[in-house]
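>>> Can you look at this prediction? I've put the sequence above it.
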Amino acid sequence: MAKRKRLSAFGMVAGHETDGHSAPVPPVARIAAETATQAALEELASELRQARDSGRLVLDLPLPSVKATHLQRDRMHMDPEDMASLKASIRDRGQQVPVEVVALSEGQYGLISGARRLAALTALHGETGDSRFASVKALLRPFEAAPEAYLAMVEENEIRADLSFYERGRLAHEAARLGVFDSPAAAVRMLFQHAPAPKRSKILSFVALHEALGDALRFPEAIPEKLGLALVKAMQGDPHLAGRLRDRLKAAAPDSAALERHVLEAALRPDSAEKTQPQPENAFQDVVAGIRLKTSPGRAVLTGRGVTEAFLRDLHDWLQAR
């Protein structure tokens, strides 16, 4: 029978006849081969760990393992049309760009960028049950990357869709609360470093507004710049105003941004008992900018340019909800 050569730890050597049985491997050769194999596997594992830890390896993570609220998002609401377009793209082509995460406890990850992609995948999986949408492609980042992730998130949204002053202030406050930055002021300096100083000062004012009223507001992103700054200035001059505002917001339970704004604007006017000049009985009084009110038992009259159809609809809905 013909003989054949075989590959050993020492190169090609002559083998035995091809009788279906391999020639015995010398112990030294076997040990050398096993050592070389183990070293190669360890080197490969080390390379994979380094790639994973440095964010060069794309991971497939189950959706429930990724905590979307790990970092506070700058956008308080996602545009429905944008989300519909993103869902359609992922449905047709799959997830093209990985999200970024940091490792938390065993098997859990915190999202630092890619909130819209994660939300779209979650919605698609809930709607279809398709296993294609049960996991998210992700790059693992060290926790130290969080400040840069915040900065990238802000810069993207400042270009794509201008953030409200409240959203900016809230983001700076929450980033400092989570320890990403030493203080809200440090967060504002870093996140809005390209903004002029007056704008950063206004953002810090809205940080104070969020600290005072954040959990009492339902539509804070709709608060105009001028109103927000006036509220902060008034609260600085009256330490009890924040408490009164919270009580008024709770009692009114506004179900629209317009009604919430009316409550906030009304709180800036002096109470009738504090007015230096008594108002004539049955005279029209300014309620908010552009709206005047005259009342008598069993009768109330609103007038002014602010009494629009939209305002009347909001007022009707509010009265029905009381």
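Sure, I can see it. Predicted model, so just to flag it, every value in this text is computed and none were measured.

>>> Tell me which residues touch the residue lying closest to P62 once chain neighbours are set aside, please.
Once flanking residues are discounted, P62 sits nearest to S135: 5.4 Å by C-beta to C-beta, 6 or more residues apart in numbering. From N, CA and C alone the C-beta is placed, and that goes for glycine too. Contacts for S135 (C-beta atoms under 8 Å, 6 or more residues apart in numbering) come out as D60, L61, P62, L63.

>>> Which of these fall within strands?
If you go by DSSP state E, the contacts of S135 have D60, L61, P62 in strands.

>>> Top of those residues by number of neighbours, please.
L61 (19 neighbours; other C-beta atoms under 10 Å).

>>> Hmm, that one is touching L139, no?
No - applying C-beta atoms under 8 Å as the test, L61 and L139 come out as separate, 10.4 Å apart.

>>> list the residues that contact both of the two?
Taking C-beta under 8 Å, 6+ apart as the contact rule, the neighbours common to L61 and L139 are V101.

>>> helix/strand/coil for S201?
Following DSSP: H, G, I helix; E, B strand; the rest coil, the label given to S201 is helix.

>>> got it, and T295?
Going by three-state DSSP: T295 is strand.

>>> That one: neighbouring residues, count only.
Other residues lying near T295 total 14 when counted by other C-beta under 10 Å.

>>> cool, A212 as well?
Counted by other C-beta under 10 Å, the residues lying close to A212 total 17.

>>> what's the closest non-adjacent residue to it?
That would be A242: by C-beta to C-beta, 6+ apart, it lies 4.3 Å from A212.

>>> residue boundaries of the strands in the protein?
Going by DSSP E, the chain shows strands at 3-8, 11-17, 58-62, 66-67, 99-103, 109-113, 135-140, 285-288, 291-296, 299-303.

>>> Neighbouring strands - and their directions - for the third one?
Strand pairing for strand 58-62, determined by DSSP bridges: strand 135-140 (antiparallel).

>>> what does the fourth one give?
For strand 66-67, the paired strands and their directions (DSSP bridges) are strand 109-113 (parallel).

>>> correct me, but E260 touches A222?
Yes - between E260 and A222 there is a contact under C-beta under 8 Å: 7.5 Å.

>>> L213 versus A257, what's the distance?
As for A257, its distance to L213 is 14 Å (criterion: C-beta to C-beta, to the nearest Å).

>>> out of those two, which sits in the busier spot?
Neighbour count, other C-beta under 10 Å: between A257 and L213, L213 has more, with 21 against 16.

>>> Quick one: neighbours of the closest residue in space to G306 that isn't next to it in sequence, just the number.
Taking C-beta to C-beta, 6+ apart, and ignoring the residues beside it in sequence, G306 has G290 as its nearest neighbour in space, at 3.0 Å. Applying other C-beta under 10 Å, we find 13 residues neighbouring G290.

>>> ok so, going back, show me which of E260 and A222 is the more surrounded one.
Between E260 and A222, counted using other C-beta under 10 Å, the more crowded position is E260 (21 against 16).

>>> That one: what's it in contact with?
L217, R218, F219, A222, L249, A252, P254 are the contacts of E260 under C-beta under 8 Å, 6+ apart.

>>> In helices, which of those residues appear?
In this view, those that belong to helices under DSSP state H are L249, A252.

>>> Does Q95 touch R132 like I think?
No - in this structure Q95 lies outside contact range of R132 using C-beta under 8 Å: 9.2 Å.

>>> my guess is the residue nearest to G306 meets L302, correct?
No - the criterion here is C-beta under 8 Å, and G290 misses it with L302 at 10.5 Å.

>>> Below-threshold pLDDT in the chain: ranges please.
Where the chain drops to pLDDT under 70, the residues are 1-56, 71-78, 143-162, 271-289, 322.

>>> ok, which stretches of it are helices?
Using DSSP H, helices in the chain cover 27-53, 80-93, 115-128, 146-160, 165-177, 184-191, 197-213, 225-237, 241-252, 257-267, 309-321.

>>> Tell me, how many residues neighbour the closest residue to H210 other than its chain neighbours?
Among residues not flanking H210 along the chain, R170 sits closest, at 4.7 Å (C-beta to C-beta, 6+ apart). Neighbours of R170 under the rule other C-beta under 10 Å: 26.

>>> Reformat the contacts of E260 as CSV; add distance to D317.
Output for the contacts of E260, formatted as CSV (distance: C-beta to C-beta, whole Å):
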residue, distance to D317
L217, 19
R218, 14
F219, 14
A222, 16
L249, 17
A252, 13
P254, 10
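
>>> For the contacts of E260, which single residue is the most surrounded?
That'd be L217 among those, by other C-beta under 10 Å, with 23 neighbours.

>>> dump the residue contacts of that one.
I223, L249, E260.
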